[in-house]
Every structure is written in structure tokens, then in C-alpha cells.
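Undergrad: the following block contains a protein sequence and its predicted model.
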Amino acid sequence: MKSTLSTLFAFAFALAMSSTAKAELKVGDSAPSVTGVTETGQKLNLGDVYPKQAYTLVYFFPKADTPGCTAQGCSLRDAYEDLTKKGVAVIGVSLDNADAQKAFKEKYHFPFTLIADPDQTVVNAFGVKVKSVIGFGSFASREAFLIKGGKIVWTDYSAKTSKQAEDVLKVIAAGS
């Protein structure tokens, strides 16, 4: 009986989830010049950010202040000095609103910009998958894009939470 209930629950959960498929950006593609709204409510055109630093890391996370997203953000926060020494601008994006992003940033002392993307403008421009869970809303997939000179030089379609900064620094050290 317990096994049957587990199977039924798993099946029901799978049916309740739907995923929106989009064309993924790949290494060598031009990075989208798209405008989003930051945690402060200000508009930010990513196309204006790319030329200001050697690299721009745009990372997508499902939901502010959840365990995995916190681990990912803290990985980047803790290595922020090393990342900035390598010329990396860090920008996090989720479907949360600006107030949720601001609270998340303040709670964990993130020194980088967070973009609130409830209308999925930035997510769609990057081709990030969105999953909808009935009763819980929509969530961006955990993905990351490293950009240099306006081109994508590295992608991570299932970004690790506590190793995000380490992975980015390894790519840069390897000469991307």
C-alpha cells in the first residue's frame, strides 16, 4: 500500500509539473541585450553591462530564499572578491518580484545585482526553461551563462548550488 501511494504521488506530481521548452543559448552565441528590473526597481540593460567587465556571469535560480538558491548565491558571495579580481560582474535572475529579490539580497548580503523577472523577459531571452508546479507557481531552471565580449563562452544548464563560483573560476583559469 505504501509503495502504491508513493507511486501515485510521484505520478500526480509529474502530471502537475509542466515545462516550457525554449531554444537554449550555446557557447558562441551572442548574449542577449535585454532589459530587466533590479532588486531596487531600476531598469538594467544587460547589453550595457557586458562591455564594462572582462566577463559577466548571468545565473538563473528558481526561487529567492530557498535552500539551493541560497547556497548558490552564497557561493558567489563568498568568492565575490576572487570573481571581481578576474573581472566578473555577477547578475542573478529569478521569477521573483523586486521586493523578494531585495529581501533575499539583504538577508544574505549579496554584493551583486539581482533581477526580478516575473514576466519572464530575461528568462525567455536566454532560453532558460521554466517549470510550473500547480499550486506553487512558475520557476526558472538553475542555469548559468558566462559572457565575454558579448558572446557566451560557457554554459551550465544544471548549475551546481554550492560550487557555482568554483566552476566559473575554473573556466576562467582554463582560458575562456
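TA: It's in.

Undergrad: and the helices in the chain?
TA: In the chain, the helices defined using DSSP state H lie at 2-16, 46-49, 67-78, 80-85, 98-108, 121-126, 164-173.

Undergrad: need the residues that contact the third one.
TA: Helix 67-78 is contacted by residues 57, 59, 61-63, 83, 90, 92, 94, 104, 108-112, 142, 159-166 when judged by C-beta atoms under 8 Å, 6 or more residues apart in numbering. The C-beta positions use only the backbone N, C-alpha and C, and glycine is treated the same way.

Undergrad: so which bits of that helix are buried?
TA: 69, 70, 72, 73, 74, 75, 76, 77 (16 or more other C-beta atoms under 10 Å).

Undergrad: so how far is residue 137 from the last one?
TA: Read that as residue 77. 26 Å (C-beta to C-beta, to the nearest Å).

Undergrad: show me where pLDDT drops low in the chain?
TA: Low-confidence segments of the chain (pLDDT under 70): 1-22, 176.

Undergrad: find the residue at the geometric middle of it.
TA: In the chain, the centroid-proximal residue (C-alpha atoms, centre = their mean) is residue 60; its distance is 1.1 Å.

Undergrad: list the contacts for that one?
TA: 92, 93, 94, 123, 126, 128, 140, 141, 142, 143, 144, 159.

Undergrad: next, check these against the strands and list the overlap.
TA: 92, 93, 94, 140, 143, 144 (DSSP state E).

Undergrad: and which of these is nearest residue 29?
TA: residue 143 (13.6 Å; C-beta to C-beta).

Undergrad: what's the neighbour count on the closest one?
TA: 22 (other C-beta atoms under 10 Å).

Undergrad: report the beta-bridge partners for the closest residue to it other than its chain neighbours.
TA: With C-beta to C-beta, 6 or more residues apart in numbering as the criterion, residue 143 has its nearest non-adjacent residue at 4.8 Å, and that residue is residue 60. In this entry, residue 60 is beta-bridged to residue 93, residue 143, by DSSP bridges.

Undergrad: distance of residue 60 from residue 52?
TA: On the measure of C-beta to C-beta, residue 60 and residue 52 end up 21 Å apart.

Undergrad: isn't residue 127 right up against residue 26?
TA: No - if you go by C-beta atoms under 8 Å, residue 127 and residue 26 don't touch, sitting 9.2 Å apart.

Undergrad: comparing those two, which residue is more hemmed in?
TA: Under the neighbour definition other C-beta under 10 Å, residue 127 and residue 26 were set side by side, and residue 127 has more, 17 against 11.
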